[in-house]
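J.: only the shape, not the letters, is given here:
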């Protein structure tokens, strides 16, 4: 527990300057690094780390997608380029399956593509949200939603947990912990809206922020469960050891990865930004 706490504090200290510099390439470099690290952990988990014909293209997709956001100024052109890259990556995996003469199983390659795409889209979404109007506030909702949910779901579960949530996937998670995460995430969104409103001319809709916090918390916990399911199916405890006591990037950012694309999709709808801020 002590090691876990120390690592969490050091991670927060490390993340603060990166978040402050979110309008610079330092932020982009950090996101790209985490995307690559997550892809590396995934490939190792799936047993393909020594099969470079699979591993290297998977790493490149995880790097190129978030990196391209700031280097391709036209977002429509960026989307077209990324669609082309993803199609070529998919077709390349198809070709590997065909020419391996049964040495590679399509099911395994499909898992590589699906989760690598999930990782790449997740970290790319963080940068895309930062580039939206009010992005200097919106992108913080990703981390607030994921980490407040994680922290308070844990403590609520420890203090009040009686009913197991899905023990077949995550034995320690409880229904009470899930509810605690939702309540505190919703409250944190309202508090964040108040802070932003007091510092700027923005006029947040607090009821809408509370609703957003509720939904985001559910998404965050689902992302956590997805990561737990992958680990259980591949019989590993943690994806990595980069964060002592916490595991790897996929262990620590599993909820962030679920929340980021969801918030990007949500904020793409007309008038949503005006409701949030």
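T.: That came through, no problem. Just so you know, these numbers come straight off a predicted model, no measurement behind them. Numbering: from 1, shown residues only.
J.: would you agree residue 188 falls within a helix?
T.: Yes: using DSSP: H, G, I helix; E, B strand; the rest coil, the assignment for residue 188 is a helix.
J.: surely it and residue 143 touch.
T.: No: applying C-beta atoms under 8 Å as the test, residue 188 and residue 143 come out as separate, 10.6 Å apart. Heads up, the C-betas are built off the backbone N, CA and C, glycines and all.
J.: count of neighbours near the residue lying closest to residue 72 once chain neighbours are set aside?
T.: Counting by C-beta to C-beta, 6 or more residues apart in numbering, the nearest residue to residue 72 once its immediate chain neighbours are dropped is residue 78, at 4.1 Å. Each residue near residue 78 was counted by other C-beta atoms under 10 Å, and the total is 18.
J.: between residue 188 and residue 143, who's got more neighbours?
T.: residue 188 (23 against 17).
J.: can you pull the contacts of the more buried one?
T.: 144, 145, 148, 213 (C-beta atoms under 8 Å, 6 or more residues apart in numbering).
J.: so the residue with the largest distance to the centre of the chain: helix, strand or coil?
T.: Within the chain, residue 101 marks the point farthest from the mean C-alpha position, 35.5 Å out by C-alpha atoms, centre = their mean. Of the three states, residue 101 takes coil under three-state DSSP.
J.: in what helix or strand does residue 263 lie?
T.: helix 254-267 (DSSP states H and E).
J.: quick one: buried residues of that helix?
T.: 254-264, 266-267 (16 or more other C-beta atoms under 10 Å).
J.: could you do stretch 18-37 as well?
T.: Across stretch 18-37, burial judged by 16+ other C-beta under 10 Å covers 22, 27, 28, 30, 31, 32, 34, 35, 36, 37.
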